[in-house]
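Novice: build me a model:
(2 chains)
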Number of protein chains: 2
Amino acid sequence: MLGSMSSLIDVDSAGIEKLGRPACYALLRSVPIGRIVFTEAALPAIQPVNFVLDGDDVIIRTGMGSKLAAATRSAIVAFEADEYDADTLTGWSVVLIGRADAVGDEPERRRLATLGLTPWALGERPHYIRIRPEIVRGRRIPTRPAAL
Amino acid sequence: MLGSMSSLIDVDSAGIEKLGRPACYALLRSVPIGRIVFTEAALPAIQPVNFVLDGDDVIIRTGMGSKLAAATRSAIVAFEADEYDADTLTGWSVVLIGRADAVGDEPERRRLATLGLTPWALGERPHYIRIRPEIVRGRRIPTRPAAL
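Specialist: Next up is the predicted model:
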């Protein structure tokens, strides 16, 4: 459906559609897994996480003492989700950039606990991280022309 | 198959298996898409790319004047690939960290052109980037015990 809107959307010279913010959030809501991108010991780091949206914010859960919790404390992070189809060579990617903060407020933590965010890995994961996006970017590779 | 090897592999308290280097490369070879993680204008950046392996190195193709080409020039980057199954809540992720360099040598570029690396987005993409991994890490969430 988004593909059919390509004439209304920015398409760059490589045929990549730039997606507007509503399309980005619609795609984010369609997948259970994203990836948080941060810096750890001065090196680029990335970790897949499951997540939920709370309004426009991304909420993830991790262990209280985890490296992820430590490395993302009040840091600017990126959050990415994507989906690709190797048969049709199509796909999309959405990237949010914003500040990550631990959720310390107890009533807020209890509310987030009702959002259905269950980490896939086992173990206690009582720490919530909220990412408040300041930049939202999405790109989509639509169906190629048949001639290619 | 890797799941059945869990007793031979490091498993942390969250039930996540740490994978050895050969398992990491076997998984990398099983997917067409990865994500390159870098820094752009002092912000964390991530971009999905298709890739091939050349020995232990990751090779990607991009446009000569692309932001990706500029931002990854002689930079330390991360490269990540993963796969998740939302039905079984299982999955794996492999992260390489190393230096990215443009491939300038013509004979080398001609050899890389034979590796079957076709960017999914259209447009001219004559620029090759080689990532030489110094760190290779893999994690896997195996099948959960039925009781959970």
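Novice: use CA for all of it now, contacts and neighbours both
Specialist: Fine.
Novice: contacting residues around the helix or strand in which A:Ala23 is found?
Specialist: According to DSSP states H and E, A:Ala23 maps onto helix A:21-28. Applying CA atoms under 8 Å, 6 or more residues apart in numbering or on different chains, the external contacts of helix A:21-28 come out as A:Leu2, A:Asp56, A:Ala81, A:Val94, A:Val136, A:Arg137, A:Gly138.
Novice: hang on, isn't A:Met64 packed against A:Val103?
Specialist: No: under the criterion of CA atoms under 8 Å, A:Met64 is not in contact with A:Val103, lying 11.1 Å apart.
Novice: pull up the overlap in contacts between those two.
Specialist: When CA under 8 Å, 6+ apart defines a contact, the residues bordering A:Met64 and A:Val103 alike are A:His127.
Novice: tally of neighbours for A:Met64?
Specialist: If you count neighbours by other CA atoms under 10 Å in any protein chain shown, A:Met64 ends up with 15.
Novice: bridging residues for the closest residue to it other than its chain neighbours?
Specialist: Closest residue to A:Met64 apart from its sequence neighbours, by CA to CA, 6 or more residues apart in numbering or on different chains: A:His127 at 4.9 Å. A:His127 has these beta-bridge partners by DSSP bridges: A:Thr62.
Novice: got a list of what A:His127 touches?
Specialist: A:His127 neighbours (CA under 8 Å, 6+ apart): A:Arg61, A:Thr62, A:Gly63, A:Met64, A:Ala69, A:Ala102, A:Val103.
Novice: could you dump the residues you listed to TSV with pLDDT and distance to B:Pro32?
Specialist: Formatted as TSV, those follow (pLDDT from 0 to 100; distance: CA to CA, whole Å):
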residue	pLDDT	distance to B:Pro32
A:Arg61	89	29
A:Thr62	84	29
A:Gly63	78	31
A:Met64	74	34
A:Ala69	87	30
A:Ala102	93	35
A:Val103	93	36
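Novice: what helix or strand is A:Ala69 on?
Specialist: Assigned by DSSP H and E, A:Ala69 falls within helix A:67-71.
Novice: chain center to that helix, what's the gap?
Specialist: Offset of helix A:67-71 from its chain centre (CA atoms, centre = their mean, to the nearest Å): 17 Å.
Novice: same check, this time on stretch A:100-109
Specialist: With CA atoms, centre = their mean as the basis, stretch A:100-109 stands 19 Å off its chain's centre.
Novice: hmm, that stretch touching chain B?
Specialist: No: for stretch A:100-109, no contact with chain B is found by CA under 8 Å from any CA of the partner chain; the gap never falls below 12.4 Å.
Novice: remind me which residues of chain A are low pLDDT?
Specialist: Applying pLDDT under 70 to chain A flags residues A:1-10, A:13-14, A:122-125, A:144-148.
Novice: residues from chain A in reach of chain B?
Specialist: So chain A meets chain B at A:13-16, A:32-33, A:37-38, A:43-48, A:76-78, A:80, A:82, A:84, A:86, A:89-90, A:93, A:95, A:97, A:120-124, A:141 (CA under 8 Å from any CA).
Novice: of those residues, just the buried ones, PyMOL syntax please.
Specialist: Here is the PyMOL command that picks out the buried ones among those, judged by 16 or more other CA atoms under 10 Å in any protein chain shown:
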select buried, chain A and resi 15+16+32+33+37+38+44+45+46+47+48+76+77+78+80+82+84+90+93+95+97+120+121+122+141
